[in-house]
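Asks: Predicted structure and sequence below. I'll ask about it afterward.
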Amino acid sequence: MHLGLRFLIPSRLRKLAILTPFYLRRPMQTLDSHFAELTPQRHLITGGTGFIGTALVQQLLRQGHPVTLWVRDPAKAQRRFGQGVRCVTSLDELAADDTFDTVINLAGAPIVGPPWTAGRRAQLLASRVGVTLGLLTWLARTAQKPSTWLQASAIGFYGVRPPEEALTEHSAAGAGFMSELCVKWEAAAAQANAMGVLRQVTLRLGVVLGKGGALPPLLLPIRLGLGGRMGDGRQMFSWIHLHDVLAIMATALQDGTMQGVYNTVAPDVVSQGEFAVTAGQVLHRPVWLPLPAWVLRLPMGEMAQLFVDGQRVVPARLQAQGFVFAYPELLGALKDLA
């Protein structure tokens, strides 16, 4: 490490960069094998052209599952998935005899974007809660109810918490807009149980790391040699590899014992400062340029919490049920993706 940079990086993080082993833990089970074990099911999916949705739909189509997407742009979906997927722009297009085994509700406008003005908050709520209420309207009039409802949510449910507080699925909701958004989204979806859906699984997603999504923007300053901690770097960064998200979804679709809320994060929770150092280690770039919190809070307002605040979220229920993470540690995940 360059001697001129040592004083900018806390000693605990320097030790992490030196002592963490340079190995890549290989996936114990391929995604194809996870999805190959699924009984063929008919799926109605929202958010199917998003980052997670695209990867999920590709896996389902590869295994021959009939997939119907509720989308705004069917031409875009057809270009992405080909003719093997059915697209509707309104649930009114579904006939009375259209039946589905599962509903997978992933829809939601990107959280990171323009500041959270009143109009922007309304848009984010409508893209999640509004879409969910639309699904419930369809559910009320369909004769044969789907047996399973797979629901997306986020660890923003817990709000901003101290770094030392470990949050399990039993932890209470927090404060702030992100918590409000997740609480309302989950509450809307929960109504499906009273309407005939036998089983609902809610995934409170951490930061999902993949070839797209949040990771490329997070790595860009580090690739350019301008990386560093955000704020004091102590805020927790609860993450998960896209591979494991999809494997958890496949398990939830197949395993009838899974029900309720699951913290969908890797067991290796790190601070944002540790994330930056590990990414610099993988990319062989210096991590030396801290970004003060006020630089983000000034233009972003409350949205800056996504970068300078965090939560230590624990996948307690997944671990209790014996789920095996292909990428349990950040170093292995970044080596696979960077």
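Replies: Thanks, I have it. Numbers count the residues shown, from 1 in each chain.

Asks: Now do the contacts for the residue nearest to Cys87 when sequence neighbours are not counted.
Replies: The spatially closest residue to Cys87, leaving aside those adjacent along the chain, is Pro74, at 3.7 Å (CB to CB, 6 or more residues apart in numbering). In this view, the C-beta of every residue, glycine as well, is placed from N, C-alpha and C. Counting by CB atoms under 8 Å, 6 or more residues apart in numbering, Pro74 touches Cys87, Val88, Thr89.

Asks: Below-threshold pLDDT in the chain: ranges please.
Replies: Residue ranges of the chain with pLDDT under 70: 1-28.

Asks: which residues in it form helices?
Replies: 11-19, 31-36, 51-62, 74-81, 118-125, 131-141, 177-190, 215-223, 242-254, 272-283, 293-300, 305-308, 316-320, 330-337 (DSSP state H).

Asks: and of those helices, who's closest to Ala96?
Replies: helix 131-141 (8.3 Å; CB to CB).

Asks: so how far is the closest one off the chain centroid?
Replies: Between the centre of helix 131-141 and the centre of its chain there are 23 Å (CA atoms, centre = their mean, to the nearest Å).

Asks: And that helix, what does it pack against?
Replies: Applying 3 or more CB pairs under 8 Å, 6 or more residues apart in numbering; DSSP states H and E, one finds that helix 131-141 contacts strand 43-46, strand 67-70, strand 102-105, helix 177-190.

Asks: and if we set it to 6 Å?
Replies: Identification of packing neighbours for helix 131-141 by 3 or more CB pairs under 6 Å, 6 or more residues apart in numbering; DSSP states H and E yields helix 177-190.

Asks: contacting residues around the helix it packs on?
Replies: 116, 128-129, 132-133, 151, 153-154, 156-157, 159, 173, 202, 302 (CB atoms under 6 Å, 6 or more residues apart in numbering).

Asks: quick one: buried residues of it?
Replies: Residues of helix 177-190 classed as buried: Phe177, Met178, Ser179, Glu180, Leu181, Cys182, Val183, Trp185, Glu186, Ala188, Ala189 (neighbour count, 16 or more other CB atoms under 10 Å).

Asks: Just want to check the distance between the second one and Gly84.
Replies: When distance is defined by CB to CB, to the nearest Å, Met178 is 36 Å away from Gly84.

Asks: same deal with Val287?
Replies: Distance, Val287 to Gly84, using CB to CB: 44 Å.

Asks: who's more crowded, the two?
Replies: Applying other CB atoms under 10 Å to Val287 and Gly84 shows that Val287 carries more neighbours, namely 28 against 14.

Asks: Around the closest residue to the more buried one other than its chain neighbours, count how many other residues there are.
Replies: Sequence neighbours aside, Gly280 is the residue nearest to Val287 in space, at 3.7 Å (criterion: CB to CB, 6+ apart). Number of residues near Gly280 (other CB under 10 Å) recorded here: 24.
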